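>>> Okay, sequence plus prediction incoming.
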Amino acid sequence: MSALQSPVPTTLEESKMRTEQNYLPADLPVLPEPEQTEEEKWLQSLETVLEYALKDKGPQKTARFLDGLSERLRARGVEVPRVVSTPYINTIPVAEQAPFPGDWEMERQIKSYVRWNAMAMVVNANREHSGLGGHISTYASSATLCEVGFNHFFRGRTDNFIGDMVFFQGHSTPGIYARAFLEGRLEERDLQHFRQELAEGGGLSSYPHPYLMPDFWQFPTVSMGLGPLLSIYQARFNRYLHARGFINGEEPKVWAFIGDGESDEPETLGSLTLASRENLDNLVWVVNCNLQRLDGPVRGNGKIIQELEAAFQGAGWNVIKVIWGSDWDKLLAADKTGLLLKRMEEAVDGDYQKYSVEPGSYTRRHFFGKYPELLELVNHLTDEQIHKLLRGGHDSRKVYAAYKAAMEHKGQPTVILAKTIKGYGLGEAGEGRNITHQQKKLNEKELREFRARFRIPVSDEEIAQTPFFRPAPDSRETQYLLGLRQKLGGFLPQRIVQAKPLEVPKLETFGDLLKGAGRSELSTTMGFVRLLGLLIRNKSIGRQIVPIIPDEARTFGLDALFREVGIYSSKGQLYEPVDSKSLLYYNETKDGQILEEGITEAGSMASFVAAGTSYATHGHYMVPFYVYYSMFGFQRIGDLMWLAGDIRAKGFLLGATSGRTTLNGEGLQHQDGHSLILSSTIPTLVTYDPAFTYELAVIIADGLRRMYVEGEDIFYYLTLYNENYEMPPMPEGVTEGILKGLYKFKAGPEKKTLKAHIFGSGPIIREALRAQQILAEQYGVSADVWSATSYKLMRNDALRAKRWNMLHPLDPPKKSYVETVLAGEQGVFVAVSDNLKIVPDQIAPWVPGGLTTLGTDGFGRSDTRQRLRRFFEVDAESTVIATLHALAEKGQLDKSVIGRAIKDLGVDPEKAYPELV
Ligand SMILES: Cc1ncc(C[n+]2csc(CCOP(=O)(O)OP(=O)(O)O)c2C)c(N)n1
Ligand SMILES: [Mg+2]
């Protein structure tokens, strides 16, 4: 004890000096010399304390004691080094390694067959059609990581268990298909058609795409970074469902396989602390540290494993490093001086990559040879044996022990950092080489080597054809493999949809919204908030509603829900909120319904995806409503929205504060005029731009029916605006038009000689209505105003009809909705939108006589709505001028009238063109 109580430095400088002198890295155990210095005496005293503490109090108490000591030293100004990474060896000591329970030799052979077939899929596809692509080397490096999971850990779905959820590395698909082939779930024909989905009878998709293989893949992962992010939110959403009483029983594990290069994506590491904060011990990540990405090394000059360890450790994860295979155990045990560890730490990833490519003699010379003592350590090994010293991620025993420890770990998510070799087993065809990611062909010599290395029973005559190999159904291998899967509950991956349809409310439930708001003014956002309130209170589906908000609830008026249904927090509320006395206090509860995600649109979208797919992952329909700042939707996280289509998520995306001029004052980075174009790129995303609250009600009621009763795999995007105005009652007979994209909202006065039609959407419809009035009163034009709720839907419908007509020239032609609804109309057509002109332009080819479009192309500005609308030329005056121009173009009006209008309406003809300034 006396050493611990010895005086500590009193000045910062002194402490720094002493810290430098005293700090001994963990890899260099210092053995006492005969002549002890003062520091060494201190250390020896410490060791005595440690010995006593460890023996008597156990490791946890000792660790706490040391933590406390560090804190005390820090408080006194001593800079105690913070440990962010541990020595470059396996986290699990050999003595604590769980024994491997399987038939090691059998599993090795099965894995070899999977390796062969995975390689053969890619080679065969590219032999027939050069350029089809595919990846051999990713799975080659992760085969053991996957196979140990398949044989011993991943639990399939049973009647009583929902099944573990496994996010596979996107590029390792050949391996996953190859395993399904051995399991008898896929046939040779399927493997033969890898990446040939358009072949007769179909083929296997390149990557995990539930949209393309809805019975097989659960989670799309190939856009790097999205899988890791989704897995965190999936694990959290599983807890949410449990807390709210939707699921119970055995908790599934969420596994995510991730590339070390993939860890560069901000989405990969960006939400780590959520997982630890939420104690997600139902989450296990396996980072396949093959030290390479596509072009070359991930961290040639450093160590990706150590870098990641520090990041995960700092974020509060349980980190398990699996660096060295069992062969190294003996070497490390024999390393009495700590030199081997020192050498392991010195070598950078670029060196390790080189050791995997060069023969053992090179490693002997350059790795061990740096210190003569180390050479002695491997004297008994041949060069060949040195070359084959396994890395941890290729050793089933080490991987098994790590997975088992991860399964049993409580209170934190676990990451396993497994060191592997990219292209393992490919030999000269790519093992460890920088080109390996793109390797798609093997010559005959390379195939023979592969066959010999993995003992594949393919004959010399056949080898050039790279035939697939599957042991007979009654073979020991197949029986073994199936036996293990049976024990684990069934096959995986597998996507099973069993959710019972919901009883969704009828349109009349939203009576208040259909009646209009009388004289009081309302925005569509406020209308939506009322509607959401009605839905949440609805007896049949209220509980299924999942409101998701990225820290904008107050902006949209959703804070009213805080008290009513609570904000989900696994910890409840451990403090008294500052606003506890107010009606709408910040109410966090363990079974809260709202997912208040904080400022992360990516995280919120990940929650949307988890909630929107719970019908497939959990067998329960949930109805997410994700409300966000529309500019920070598609523009910011478009790839996740694309993924929501792929994964067949259902629910509603609500782009609030929409419109380039309706959101005034906020300027260039906030004013959205293009989300409707971006949303039109996602095939299954039903898109609407409503103007009135009754339109919202009609659209949402229909969406609920289509998604949750009819079971359509679609999702919805609606724009919401924050401009207040009178909400009219719903006119008769407009529901079909609302849903199909266009209906006549207010006809122009009769008995005018000139006729026009103005399409408006969102709040801009009010500019159209004002234009209608000006045109009638001042220019003798009767203009009908139409509400255009969805140009995207009308365009798709028109394209479908046109294509059908092209391919069926002799049949009576089909007419699209837009053509039908405009067929009897006379006059000119003008569209005005708070979005890019290209939004209304989508239907221009089908508008009789063409369409004149006004929209908000260009960067936004901060100013008032009226000034912005004039600037972007979407106000009533600009609409009047455009209408008169269209009439003049048709020869129905003298151009001088336009000149007069420009003057009378105060529009500056020389004003800047917004798109270009
Ligand atoms: C967002 C995104 N960017 C780029 C790619 C293209 N890409 C596919 S694999 C790959 C390298 C992957 O390296 P790593 O994550 O280390 O995986 P490994 O194959 O080495 O296991 C890249 C850049 C992608 N799929 N997604
Ligand atoms: Mg890699």
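Yes, it's here. Ligands and ions are numbered 1, 2, ... in the order given.
>>> my read: Ala429 touches Lys440, true?
No. With contact defined as C-beta atoms under 8 Å, Ala429 does not reach Lys440; the gap is 10.2 Å. The way it works is simple: take the backbone N, C-alpha and C, and place the C-beta from them, glycine included.
>>> Between those two, which has more neighbouring residues?
When neighbours are counted by other C-beta atoms under 10 Å, Ala429 comes out ahead of the other of Ala429 and Lys440, with 24 against 19.
>>> Report pLDDT for the closest residue to the more buried one other than its chain neighbours.
Excluding the flanking residues, the one nearest Ala429 by C-beta to C-beta, 6 or more residues apart in numbering is Glu446, at 4.1 Å. The model reports Glu446 with a pLDDT of 95.
>>> Kindly report the same for Leu132.
In this model, Leu132 is scored at 93, pLDDT.
>>> cool, Thr62 as well?
At Thr62, the predicted lDDT confidence score is 70.
>>> quick one: it from ligand 2, how far?
Counting by C-beta to the ion, to the nearest Å, the gap between Thr62 and ligand 2 amounts to 37 Å.
>>> thought that residue was touching Leu50?
Yes. Applying C-beta under 8 Å, one finds Thr62 in contact with Leu50, separated by 6.6 Å.
>>> The two: who's more crowded?
Thr62 (18 against 13).
>>> Tell me which helix or strand the residue in the stretch 51-200 of the chain positioned nearest to ligand 1 sits in.
Nearest residue of the stretch 51-200 of the chain to ligand 1, counting by C-beta to the nearest ligand atom: Thr138, 3.6 Å away. Counting by DSSP states H and E, the secondary-structure element that holds Thr138 is helix 137-152.
>>> quick one, what contacts the closest residue to ligand 1 within the chain?
Across the chain, no residue is closer to ligand 1 than Gly259, which sits at 2.0 Å (C-beta to the nearest ligand atom). Taking C-beta atoms under 8 Å, 6 or more residues apart in numbering as the definition of contact, the neighbours of Gly259 are 138, 169, 171, 224, 287-288, 290, 293.
>>> Give me the subset of those that also touch ligand 2.
Counting by C-beta under 5 Å from the ion, Asn290 from these sit close to ligand 2.
>>> Save the contacts of Gly259 as JSON lines, and put in pLDDT, secondary structure and neighbour count too.
What follows is the contacts of Gly259, written out as JSON lines (pLDDT from 0 to 100; DSSP: H, G, I helix; E, B strand; the rest coil; neighbours: other C-beta atoms under 10 Å):
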{"residue": "Thr138", "pLDDT": "97", "secondary structure": "helix", "neighbour count": "26"}
{"residue": "Gln169", "pLDDT": "98", "secondary structure": "coil", "neighbour count": "29"}
{"residue": "His171", "pLDDT": "97", "secondary structure": "helix", "neighbour count": "24"}
{"residue": "Met224", "pLDDT": "98", "secondary structure": "coil", "neighbour count": "21"}
{"residue": "Val287", "pLDDT": "98", "secondary structure": "strand", "neighbour count": "28"}
{"residue": "Asn288", "pLDDT": "98", "secondary structure": "strand", "neighbour count": "27"}
{"residue": "Asn290", "pLDDT": "98", "secondary structure": "coil", "neighbour count": "32"}
{"residue": "Arg293", "pLDDT": "97", "secondary structure": "coil", "neighbour count": "20"}
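>>> Among the contacts of Gly259, which one sits closest to Ser570?
Distance to Ser570, by C-beta to C-beta, is smallest for Val287 among those, at 25.3 Å.
>>> how near is that closest one to Ile323?
For Val287, the distance to Ile323 equals 12 Å [C-beta to C-beta, to the nearest Å].
>>> for the chain, what are the low-confidence residue spans?
Filtered on pLDDT under 70, the chain yields the residue ranges 1-34, 54, 58-61, 63-64.
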